[in-house]
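Enquirer: got a structure for you, letters missing:
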């Protein structure tokens, strides 16, 4: 057995560890810093060697150019409508199905249907990509919000997540009492289950918001005209074949990333609990 | 309401039970409706497409197993699979080790500002790849990138290391490393959260008992933490492997799979043959084949895990 460490040794060890950890945290945050400062630099400043760690002088030209040369407000509107619609619809459908799976265990076929829902998580999107695109063509949903909002709106993970929370937190007695008082089944869901499930809804909402806001591939496939593009696609398309306006790109990138970073910082706890729950299911 | 008085046959009883629970079926029906249109139908149609030649415009042409046979001679597909494995091998081990160390540090009660560190390491997971990959493009730039600038400064300070500027995005080998670095940056925090949950699941009395027996930190790590974390490591590893196969945004934006096809993985290759070449039949065939292999592989891994965990 090794002798116990003295308090001094322990303090030194902990200090070293804290320093290493802080350095690593700074390295992880550096790309955000670089995004932020580059947004306020001119094209020439962005490419100076040695690099300018701070923009001097700082310029807002990039934001002005971005506003002039791209339809930024429209892209922002598209992103907000698509993400907002997707989040609201999936919260509604997932909590409704989650409530059903949590509180109607005696319904014939209940467990088989639930196993089926979970099983659909095994299907990789890469296999269904082309036919889903063809379905969009048939429905005339190409270049519409519907193509972005509807297909993933009742995801198996969301249903699982809501079922776990509702099953554990909504007392059966409360539901029975409401039923005896003559409350309809949808009324029970709307007036009793939903208010109790608010924390789970917040967590699922932030998860859906992030995946929907960041969605690049599907948006790239189904959105066609300039006036329908979302922010990430606009940012991606700013990269030209010959000359890329990096300052504008960074300014647009900053505006695209900022809402999510803020949403994450506000709902950090809920989001992280969602990830952990996703893992425990396995 | 006219409820049937006494159901006689099992079938009638089932029917009345189902009627009694009609809201259950109503509430879960949106999922099944959406799944039928955007999941099941595509899944079946994709299987059919695997046996045809089709560009999406002209008439479909039944080709039987020809698509499967052409996969055998598909040089780019072979490279895409190789690249996927190489990129996976490059980033998964360092990422999981880093994630474990971060989780271990964040699990220490003495560490101050833990929420701040957690946010710093996790923030990459929530940012749009379309944005951040462009920032990494700047950082990786050969002549004017920050990373090569730092390498040059290091070389000046420590000449014996013989550090040189690295052609991150223009060299066939380094492009994979660049992708790996981006993926490590992006996904370490996610794995850290999973590892943290795993660490917090280890009962504290195990450690207390070990301390009473005089085990030092190293022994506690070796005989308690690591064995009990094995399922978490396996789970994270499996998720990362699946992620590497189907990864898209990271590679699409950072390197577009290049230079040449040196950083094209399976996911990007599938996208390219689908939506650049419009080889819908062949792309479905490749997608199905890969998914089948992945599915079988996942089942074997999970079965093995379960068996091993059962015997511990």
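Expert: Structure received. This structure is a prediction, so every number in the text was calculated from the model and none was measured.
Enquirer: Please enumerate the helices of the stretch 1-150 of chain B.
Expert: Assigned by DSSP state H, counting those that start in this stretch, the helices in the stretch 1-150 of chain B fall at B:10-20, B:22-35, B:41-49, B:66-72, B:75-106, B:114-122, B:129-140, B:146-157.
Enquirer: Residues in contact with the third one: which ones?
Expert: Pointing back at helix B:41-49 there. A:123, A:127-128, A:130-132, A:134-135, B:280-281, B:284-285, B:287-288 (CB atoms under 8 Å, 6 or more residues apart in numbering or on different chains). Bear in mind the C-beta positions are built from the backbone N, C-alpha and C, glycine included.
Enquirer: coming back round to it: of the helices of the stretch 1-150 of chain B, flag the one that's most buried.
Expert: With neighbours taken as mean count of other CB atoms under 10 Å in any protein chain shown, the helices of the stretch 1-150 of chain B reach their highest mean count in helix B:129-140, at a mean of 25.
Enquirer: Any residue of that one touching chain A?
Expert: Yes. Judged by CB under 8 Å from any CB of the partner chain, helix B:129-140 and chain A are in contact via B:129-132, B:134-136, B:138-139.
Enquirer: Using a markdown table, lay out those residues together with pLDDT and distance to residue B:202.
Expert: Output for these, formatted as a markdown table (pLDDT from 0 to 100; distance: CB to CB, whole Å):
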| residue | pLDDT | distance to residue B:202 |
| --- | --- | --- |
| B:129 | 89 | 34 |
| B:130 | 88 | 39 |
| B:131 | 90 | 38 |
| B:132 | 90 | 34 |
| B:134 | 89 | 41 |
| B:135 | 93 | 37 |
| B:136 | 93 | 36 |
| B:138 | 91 | 42 |
| B:139 | 93 | 38 |
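Enquirer: quick check, nearest of these to residue A:222?
Expert: Nearest to residue A:222 among the residues of helix B:129-140 next to chain A, counting by CB to CB, is residue B:130 at 15.8 Å.
Enquirer: Spit out the contact partners of the closest one.
Expert: Applying CB under 8 Å, 6+ apart, the residues near residue B:130 are A:214, A:216, A:232-233, A:235-236, A:253, A:256, B:249, B:253.
Enquirer: which one is it nearest to, not counting chain neighbours?
Expert: residue A:232 (3.8 Å; CB to CB, 6 or more residues apart in numbering or on different chains).
Enquirer: Test for you: state the pLDDT assigned to residue 10.
Expert: In the absence of a named chain, chain A is used. Per-residue pLDDT puts residue A:10 at 84.
Enquirer: The intended chain is chain B.
Expert: So residue B:10 comes in at 86 (pLDDT).
Enquirer: any idea how far it is from residue B:16?
Expert: Applying CB to CB, to the nearest Å, the value for residue B:10 to residue B:16 is 11 Å.
Enquirer: What of residue B:120?
Expert: Distance of residue B:120 to residue B:16, given as CB to CB: 59 Å.
Enquirer: who wins for most neighbours among the contacts of helix B:41-49?
Expert: For these, the largest number of neighbours (other CB atoms under 10 Å in any protein chain shown) sits with residue B:284, at 29 neighbours.
Enquirer: Please, which helix or strand holds that residue?
Expert: Assessed by DSSP states H and E, residue B:284 sits inside helix B:280-311.
Enquirer: Show me what that helix is packed against.
Expert: Contacts defined by 3 or more CB pairs under 8 Å, 6 or more residues apart in numbering or on different chains; DSSP states H and E place helix B:280-311 against helix A:125-138, helix B:41-49, strand B:52-53, helix B:66-72, helix B:226-246, helix B:266-275.
Enquirer: what's the burial count for the residue nearest to residue B:130?
Expert: Residues lying near residue A:232 (other CB under 10 Å) number 27.
Enquirer: residues contacting it?
Expert: Residue A:232 makes contact with A:79, A:213-216, A:219, A:256, B:128-131, according to CB under 8 Å, 6+ apart.
Enquirer: Mind telling me which residue is nearest the centre of the chain?
Expert: By default, I'm working from chain A. residue A:210 (1.2 Å; CA atoms, centre = their mean).
Enquirer: The intended chain is chain B.
Expert: residue B:243 (1.7 Å).
Enquirer: Need the nearest residue in space to that residue, chain neighbours excluded.
Expert: Leaving aside its sequence neighbours, residue B:243 sits nearest to residue B:187 (CB to CB, 6+ apart; 7.3 Å).
Enquirer: For that neighbour, grab the count of nearby residues.
Expert: Applying other CB under 10 Å, we find 23 residues neighbouring residue B:187.
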